[in-house]
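Got a predicted structure plus its sequence, pasted below:
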Amino acid sequence: MTLTFPWALLLLPLPFLARLLPATATRGGLRVPRHVYDGIAPASTGRSGVALTALAWVALVLALAGPAVQRQSSALPASGRDIVLVLDLSGSMEKQDFALDGQPISRLDAVKRVASRFVAARKGDRIGLVVFGDRAYFAQPVTFDVEAVARAIDEAQIGISGRATAISDGLGLATRRLAQSDAPSRVIVLLSDGVDTSGKVGAVDAARLAARHGIRTHTIALGPDDLETAPTSRDAVDARTLREVAAAANGTSFRVRGMEDLTRMAATLDKLEPNPSERPPLHYLQGLWTWPALLALAAMLGLAMRRR
């Protein structure tokens, strides 16, 4: 326990010191009739009255001193960061070229396993989810409810937004939402395994627009093949363009060819965008002054009852 204003305890001896002062007579004092004086005579005569008066004074001084105890909050403070995940749901995400426990899984399932855990751990951030195929839309608005975003990632299905790869549309939609945010830190995390097919605005141009709004963009290129090393591969990812997107928006580009790369990427991204849940717990002082104040009130009520 601690006292917020310990100097207030210096007031404790004041009434006892006042009793030691010599009584002085003054001329011209106000004369009060005896029957009036009797009506307002102190009710603290007698041992119980003195005890109640002393208790009331001590309790009042203690309440003024502000007793408090230190508590630890389980709630996390808001980080001041808005993050929007932009997830590719094109047809190529069905390809089973990732392995988990020796079993082949699709690119989308691999992303779901890592991304949903990454999101669920970021309590204190506001997270949103944009999915895109032929077109882009918000599957989950930006929210502190990270569990809801993690569920939206788990429930994402290929084909609900078409089977093409409109990367710039996904970036544009996320940028439009984050540009309206007053959060001091705004981040886009783009996950794609293909080549931008939107054709209207280039993905790099969309990233430059995000950068003008102060929005940082990280990109994740998924799949074992890319256009630079396997230009004839049907499901090769345009890793070069994704690197240029990240560079244009002050972000980092990740090349992910398997589950190990995906796990390392999530850990590195946590370092680039520090996780609020890793902060030390918040400590605060819980005031206890109400208890001595209530005790003082009870003592004064007891004095009032004696007067009656």
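Sure thing, it's come through.

centre of the chain versus stretch 243-259, how much separation?
Here the centre of stretch 243-259 is set off from its chain's centre by 26 Å, with CA atoms, centre = their mean, to the nearest Å.

same question, stretch 89-105
34 Å.

buried set for that stretch?
Buried residues in stretch 89-105, counted by 16 or more other CB atoms under 10 Å: 89, 90, 92, 93, 95, 97, 98, 105. Quick note: C-beta positions are derived from backbone N, CA and C, even for glycine.

what does stretch 242-257 give?
For stretch 242-257, by 16+ other CB under 10 Å, it's 242-249, 251-257.

which residue sits closest to residue 160 in space, ignoring its chain neighbours?
Using CB to CB, 6 or more residues apart in numbering and skipping the chain neighbours, the partner closest in space to residue 160 is residue 89 (6.7 Å).

Now do that neighbour against residue 50, distance only.
Computed as CB to CB, to the nearest Å, the residue 89 to residue 50 distance reads 81 Å.

try residue 3
Taking CB to CB, one finds residue 3 at 26 Å from residue 50.

next SSE after the helix or strand containing residue 206?
Using DSSP states H and E, residue 206 falls within helix 203-212. Where DSSP H and E defines the elements, the next helix or strand beyond helix 203-212 is strand 215-222.

angle of that next one against helix 203-212?
Angle, strand 215-222 to helix 203-212, by axes from the mean of the first three to the mean of the last three CA atoms, to 10 degrees: 150 degrees.

what lines up beside strand 215-222 in the sheet?
Applying DSSP bridges, strand 215-222 is found paired with strand 185-192 (parallel), strand 253-256 (parallel).

Alpha carbons only: can I get the helix or strand just after that strand in CSV?
Note on strand 215-222: by DSSP H and E, the next helix or strand toward the C-terminus is helix 239-248. Output of helix 239-248 as CSV, limited to C-alpha atoms (Å, rounded to 0.1, in the frame of the first residue of the first chain):
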residue,chain,number,x,y,z
ALA,A,239,8.0,-11.5,-57.2
ARG,A,240,9.7,-8.6,-58.9
THR,A,241,6.5,-6.5,-59.0
LEU,A,242,5.8,-7.3,-55.4
ARG,A,243,9.3,-6.1,-54.4
GLU,A,244,8.7,-2.9,-56.3
VAL,A,245,5.4,-2.5,-54.5
ALA,A,246,7.0,-2.8,-51.1
ALA,A,247,9.9,-0.5,-52.1
ALA,A,248,7.4,2.2,-53.4
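
Regarding the nearest residue to residue 148 once chain neighbours are set aside, which helix or strand does it belong to?
Distances taken as CB to CB, 6+ apart put residue 140 closest to residue 148, at 6.2 Å, once the chain neighbours are dropped. In the assignment (DSSP H and E), residue 140 maps to strand 136-143.

May I see the buried residues of that strand?
So, applying 16+ other CB under 10 Å, buried residues of strand 136-143: 136, 139, 140, 141, 142.

which residues sit against it?
82, 84, 86-87, 126-131, 148-149, 152, 156, 161, 166, 169-170, 172-173, 177-178, 181 (CB atoms under 8 Å, 6 or more residues apart in numbering).

go with 7 Å
82, 84, 126-131, 148-149, 152, 156, 161, 166, 169-170, 173, 177 (CB atoms under 7 Å, 6 or more residues apart in numbering).

quick one: which of these sit in helices?
148, 149, 152, 169, 170, 173, 177 (DSSP state H).

and those, which are buried?
149, 152, 169, 170, 173, 177.

With adjacent residues omitted, what lies nearest to the fourth one?
The spatial neighbour of residue 170 that comes closest, neighbours along the chain excluded (CB to CB, 6+ apart), is residue 132 at 3.7 Å.

For the one you found, give me its contacts.
Going by CB under 7 Å, 6+ apart, residue 132 touches 86, 88, 89, 161, 166, 169, 170.

okay if I get these as JSON lines plus pLDDT and distance to residue 304?
Shown next, in JSON lines, are the contacts of residue 132 (pLDDT from 0 to 100; distance: CB to CB, whole Å):
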{"residue": "86", "pLDDT": "95", "distance to residue 304": "70"}
{"residue": "88", "pLDDT": "91", "distance to residue 304": "76"}
{"residue": "89", "pLDDT": "90", "distance to residue 304": "74"}
{"residue": "161", "pLDDT": "74", "distance to residue 304": "74"}
{"residue": "166", "pLDDT": "87", "distance to residue 304": "78"}
{"residue": "169", "pLDDT": "91", "distance to residue 304": "75"}
{"residue": "170", "pLDDT": "92", "distance to residue 304": "72"}
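
Which single one of those is nearest to residue 228?
residue 88 (18.7 Å; CB to CB).

How many residues are close by the nearest residue to the closest one once chain neighbours are set aside?
Excluding the flanking residues, the one nearest residue 88 by CB to CB, 6+ apart is residue 192, at 4.0 Å. Burial of residue 192 is recorded as 30 neighbouring residues (other CB atoms under 10 Å).
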